[in-house]
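>>> need a 3D model of the sequence below.
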Amino acid sequence: MRAAGAIMRRGGEVVFNTSLTGLPGSFHRPKLCGANRLFDLSAHRKCRPNLEDEESSRPYIESLIVREFSQVSSNWRSAETTQLYLNRHKIPVIWDIDTRALVRHIRNMGALRGVVSTDALPPNN
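The predicted structure follows:
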């Protein structure tokens, strides 16, 4: 597991998305307020900050859980890197996660709450 984005911990329901389109817009949906967003299929590679595509004044997700995380902005309309965007909005990211196994676990167990931590402190702090 690796960390990116803001250095902090955030908790909430772990919500997954296995679609390949509409991913950047899903950050800005108020119904995801308080959610730890899990993307399967390495889909985060397609998410790049672009002010023209934002659907609200701020992202509503608490954190991001992805298989792959790229520091490179491949969208020619990107105003900043994904890392800077996530730092600015205080969103921690954990990556290099087996997201398919995590999605299967959530499907089997039902809705789960979780904490994403990038601050390197012991779990009881």
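
>>> got a list of what the closest residue in space to residue 123 that isn't next to it in sequence touches?
Distances taken as C-beta to C-beta, 6 or more residues apart in numbering put residue 117 closest to residue 123, at 7.6 Å, once the chain neighbours are dropped. In this view, the C-beta of every residue, glycine as well, is placed from N, C-alpha and C. Applying C-beta atoms under 8 Å, 6 or more residues apart in numbering, we find residue 117 in contact with 8, 9, 92, 94, 123.

>>> does the second one touch residue 118 like I think?
Pointing back at residue 9 there. Yes - in this structure residue 9 lies within contact range of residue 118 using C-beta atoms under 8 Å: 7.1 Å.

>>> identify the contacts common to those two.
Contacts common to residue 9 and residue 118, judged by C-beta under 8 Å, 6+ apart, are residue 92.

>>> tell me which of these two has more neighbours.
residue 118 (20 against 17; other C-beta atoms under 10 Å).

>>> now do the contacts for that one.
Contacts of residue 118 (C-beta under 8 Å, 6+ apart): 3, 4, 5, 6, 7, 8, 9, 92, 93, 94.

>>> coming back round to it: can I get the contacts of residue 117 in JSON lines with secondary structure?
Output for the contacts of residue 117, formatted as JSON lines (DSSP: H, G, I helix; E, B strand; the rest coil):
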{"residue": "8", "secondary structure": "coil"}
{"residue": "9", "secondary structure": "strand"}
{"residue": "92", "secondary structure": "strand"}
{"residue": "94", "secondary structure": "strand"}
{"residue": "123", "secondary structure": "coil"}
